[in-house]
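Q: could you work out the structure for the sequence below:
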Amino acid sequence: MIMTNKTINQPIVVIDVETTGLFPFRNDRIVEIAAVVLDQNLKITNEFVSLVNPGRDIGPSRIHGLTADRKSTRLNSSHANISYAV
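A: As a prediction, this is how the structure comes out:
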């Protein structure tokens with residue numbers, strides 16, 4: 001979406017995901033999801049970040065910047081828990 005100088009009358013949600021790779025048909029999965037809510041002035045009013053258990057190894061760190069150490073200490077959310085939280 002391209003932002004213009006028009007007035008924004010409602011919040012905007014920006015979502016970002018990190019994955020184990022680039023090919024879901026090769027069993028690559030989401031490992032982290034984040035979202036921010038922006039108000040009419042594009043200021044962050046709320047945010048959400050969670051690691052997601054992909055049910056497999058986390059893949060190459062060069063794809064997402066996560067390490068196995070970080071994964072093992074915090075990775076406990078399932079996709080179902082994430083969809084409820086968001």
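
Q: sheet partners, orientation included, of the strand or helix carrying Val13?
A: Using DSSP states H and E, Val13 sits in strand 12-19. Taking DSSP bridges as the criterion, strand 12-19 forms sheet pairs with strand 30-38 (antiparallel).

Q: next SSE downstream of the partner strand?
A: Downstream of strand 30-38, the next assigned helix or strand under DSSP H and E is strand 44-51.

Q: and that next one, average pLDDT?
A: In this model, strand 44-51 has a mean pLDDT of 91.

Q: picking that back up, the strand holding Val13 vs strand 44-51, what angle?
A: On the basis of axes from the mean of the first three to the mean of the last three CA atoms, to 10 degrees, strand 12-19 is oriented at 20 degrees to strand 44-51.

Q: now strand 12-19: buried residues?
A: Under the neighbour-count criterion of 16 or more other CB atoms under 10 Å, strand 12-19 has Glu18, Thr19 buried. The way it works is simple: take the backbone N, C-alpha and C, and place the C-beta from them, glycine included.

Q: what about Lys43, distance to Ile8?
A: As judged by CB to CB, to the nearest Å, Lys43 and Ile8 stand 11 Å apart.

Q: of those two, who's got more company?
A: Using other CB atoms under 10 Å, the more surrounded residue of Lys43 and Ile8 is Ile8, with 13 against 9.

Q: could I get the phi/psi values of the residue lying closest to the more buried one once chain neighbours are set aside?
A: Among residues not flanking Ile8 along the chain, Gln40 sits closest, at 4.9 Å (CB to CB, 6 or more residues apart in numbering). Torsion angles at Gln40 (phi, psi; degrees, to the nearest 10) stand at phi -60, psi -20.
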